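In: here's my sequence, what's the structure:
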Amino acid sequence: MPRDARRLRRTWPQRGVLAFNSLVIVGALTAAGLVWTANDTLSATRRVVIHNAVGADPTGLAGSSIDDITGQPTTTVDLSGSVKAENYLLVGSDSRACIDPSSPYAGAFLTEGTDIGDRSDTIMLLRVDPNESQAAILSFPRDLWVKIGTSNRKSRINSAFDKGDPSRLVQTIELNFDIPVDHYIEVDFCAFKYLVDALGGVKIPFAYPTRDKFTGLDIPAAGCYSMSGDAALAYARSRHYQYEENGRWKEDGSSDRGRIRRQQDFIKRMLRKAVDRGGTRPDVAKKLIDTALKNVRVDETLTVNDLLKVASRLRKFDPSEVKTYRMDGKGTNVGGASVIVPTLSDPATQNVLKVFRGQATVADVPSSDTAAPGDTSGATDTSAPATSSTTPTSSAGGAVVIEDNGVGIFPPDDPTCR
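Out: Now for the predicted structure:
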């Protein structure tokens, strides 16, 4: 696949990395069953302590086993007992130690060829409900204007990320959206890159020639492409996404919102391949688990026992059924900065929040695969723009119907490209 081999300098400061690698861990565990060797790997994983906001109601150590002597979670596998629905805060860390300066994509990740930093503008909340066989992802645009942690200061949500103090971001999510955070998982470029390569690449169907001059993404013609780790990073992190239609290059005007939708789509494709390959190749499943766990930081209460309990109950779960949402808001200007103010009072937003608060489940209804008119300056990678005609409704304690709010350019659902 031809690519632009020029070194491209990074011109926009805040760069995040996909924070969904833990999904692949769960997927591999689900496919391979009881991968006992993961115990030693996770026990050696870097741990962080998180302090939840006062009044938050996380499940905490539910499902974990505590050693009577050390007081620390053990790695003893016990699949008995119930499994509660939990929320996993997935955060990307911009660590670039594994980026090859000679790569055609190096300009997307390196400054002066050597800069290695820790930033985040990719923040997702994964809710796994084993009893309902449901999983949902809520993405938070980096420019959401929120109160930071327990302070009275307001800023963009990505400024709440502090590698040395993950509690600030946890508390920011809990206090602004009244959503409990049960576990924290932080990943970096290397984890994502190595996982994609461990899978042998992930296939993406492109309906148009596509490029991003900032990340080095270069798809010369429509078709099905297998993306390596480096190419997948250039694709999934693209914010200046362009496609060629009728001989003219057009830019996806949805910017960060379009990037979120492409990331969510990539999650499903990556997880599907992890389940498919891990289910038939235990060696692949082990490689995925080892690769992921060596490049993550997790909260001190997360154990292999937790992951295996979830996996055992999601063994037949279809990754394509993962529900994906974006925290909606209205664009405005604060102090000369363009930000997004969350529309928390909107009925559709409230329904999404009910799901992640554990107050409701997602109704089993079709979701839209195209963008709403006016949400982007371009077309979607599907055949025709359309919107869901479903009006969000809810029933107390039951299921809620939530309209798909994804926008931007994203791939069609092509079953021949998987």
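In: and the next element down the chain from the helix or strand that contains Ser155?
Out: Per DSSP states H and E: Ser155 is located in strand 154-156. Where DSSP H and E defines the elements, the next helix or strand beyond strand 154-156 is helix 167-177.
In: which helices and strands does that next one pack with?
Out: Helices and strands touching helix 167-177, by 3 or more C-beta pairs under 8 Å, 6 or more residues apart in numbering; DSSP states H and E, are strand 86-93, strand 123-129, strand 145-147. Yep, even glycine has a C-beta here, placed from its N, CA and C like the rest.
In: the inter-axis angle of the first one versus helix 167-177?
Out: Orientation note: strand 86-93 sits at an angle of 130 degrees relative to helix 167-177 (axes from the mean of the first three to the mean of the last three C-alpha atoms, to 10 degrees).
In: got the buried residues for strand 86-93?
Out: Glu86, Asn87, Tyr88, Leu89, Leu90, Val91, Gly92, Ser93 (16 or more other C-beta atoms under 10 Å).
In: what's the farthest-apart pair in those?
Out: Taking C-beta to C-beta, the two most distant members of the buried residues of strand 86-93 are Glu86 and Ser93; they sit 21.6 Å apart.
In: Gln263 reaches Thr122, doesn't it?
Out: Yes. With contact defined as C-beta atoms under 8 Å, Gln263 counts as touching Thr122 (7.1 Å).
In: neighbour count winner among these two?
Out: Thr122 (29 against 24; other C-beta atoms under 10 Å).
In: Asp413 and Lys316: what is the separation?
Out: Counting by C-beta to C-beta, to the nearest Å, the gap between Asp413 and Lys316 amounts to 21 Å.
In: so which of the two has more stuff around it?
Out: Legend: neighbour count by other C-beta under 10 Å for Asp413 and Lys316, higher for Asp413 (14 against 8).
In: among the helices and strands packed on helix 167-177, which comes closest to Asn52?
Out: Proximity to Asn52 (C-beta to C-beta) singles out strand 86-93 among the helices and strands packed on helix 167-177, at 10.7 Å.
In: pairing partners for that closest one, with directions?
Out: With DSSP bridges as the test, strand 86-93 is paired with strand 123-129 (antiparallel), strand 183-188 (parallel).
In: mean confidence score for it?
Out: Averaged across strand 86-93, the pLDDT comes to 88.
In: and stretch 310-325, by the same measure?
Out: Stretch 310-325 shows a mean pLDDT of 79.
In: enumerate the positions of that stretch that are buried.
Out: Buried residues in stretch 310-325 (16+ other C-beta under 10 Å): Val310, Ala311, Ser312, Arg313, Leu314, Phe317, Pro319, Val322, Lys323, Thr324, Tyr325.
In: cool, stretch 212-232 as well?
Out: Under 16+ other C-beta under 10 Å, the buried positions of stretch 212-232 are 212, 214-219, 225, 227-232.
In: repeat that for stretch 292-302.
Out: For stretch 292-302, the neighbour count (16+ other C-beta under 10 Å) marks Ala292, Leu293, Asn295, Val296, Arg297, Val298, Asp299, Thr301, Leu302 as buried.
In: helix, strand, or coil at the first one?
Out: This means Ala292. Following DSSP: H, G, I helix; E, B strand; the rest coil, Ala292 is assigned to helix.
In: so it makes contact with Leu195?
Out: Yes. Using C-beta under 8 Å, Ala292 is in contact with Leu195, at 5.8 Å.
In: got the residue ranges for the strands in the stretch 301-418 of the chain?
Out: 323-326, 329-334, 337-342, 361-362, 393-394, 399-401 (DSSP state E, counting those that start in this stretch).
In: so which of the ones you listed is nearest Ser167?
Out: strand 337-342 (21.0 Å).
In: other residues contacting the closest one?
Out: With C-beta atoms under 8 Å, 6 or more residues apart in numbering as the test, strand 337-342 has contacts from 141, 143-146, 156, 176-177, 327-333, 349.
In: just those residues now: which is nearest Gly258?
Out: Each of the contacts of strand 337-342 was checked against Gly258 using C-beta to C-beta; the closest is Pro141, at 10.9 Å.
In: check contacts around Gly329.
Out: Pro141, Leu144, Trp145, Ile340, Val341, Pro342, Thr343.
In: ok, 7 Å please
Out: Going by C-beta atoms under 7 Å, 6 or more residues apart in numbering, Gly329 touches Leu144, Ile340, Val341, Pro342, Thr343.
In: pretty sure Met270 belongs to a strand, no?
Out: No. Applying three-state DSSP, one finds Met270 to be helix, outside a strand.
In: ok, back up a step: out of the helices and strands packed on helix 167-177, nearest to Asp162?
Out: The nearest among the helices and strands packed on helix 167-177, by C-beta to C-beta, is strand 86-93 at 10.5 Å.
In: could you dump that closest one to PDB, C-alpha only?
Out: Taking Å, rounded to 0.1, in the frame of the first residue of the first chain, the C-alpha atoms of strand 86-93 are listed here in PDB:
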ATOM      1  CA  GLU A  86     -18.900  -2.300  36.300                       C
ATOM      2  CA  ASN A  87     -17.500   0.900  34.600                       C
ATOM      3  CA  TYR A  88     -13.900   0.900  33.400                       C
ATOM      4  CA  LEU A  89     -12.300   4.300  32.700                       C
ATOM      5  CA  LEU A  90     -10.000   3.800  29.700                       C
ATOM      6  CA  VAL A  91      -7.400   6.500  29.200                       C
ATOM      7  CA  GLY A  92      -4.700   7.000  26.600                       C
ATOM      8  CA  SER A  93      -1.200   8.000  27.500                       C
END
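In: leaving out sequence neighbours, find the closest residue to Ser238.
Out: Counting by C-beta to C-beta, 6 or more residues apart in numbering, Asp212 is the residue found nearest to Ser238 once chain neighbours are left out, at 4.1 Å.
In: same question but for Lys287, I mixed them up
Out: Using C-beta to C-beta, 6+ apart and skipping residues adjacent in sequence, the residue nearest Lys287 is Ala198, 5.0 Å away.
In: what pLDDT does the model give the one you found?
Out: 88.
In: and what of Ile99?
Out: Reported pLDDT for Ile99: 72.
In: now the one 5 residues further on
Out: With respect to pLDDT, Pro104 has a value of 80.
In: please apply the same query to Arg10.
Out: pLDDT at Arg10 comes out at 33.
In: before we move on, what about Val304?
Out: So, for Val304, pLDDT stands at 68.
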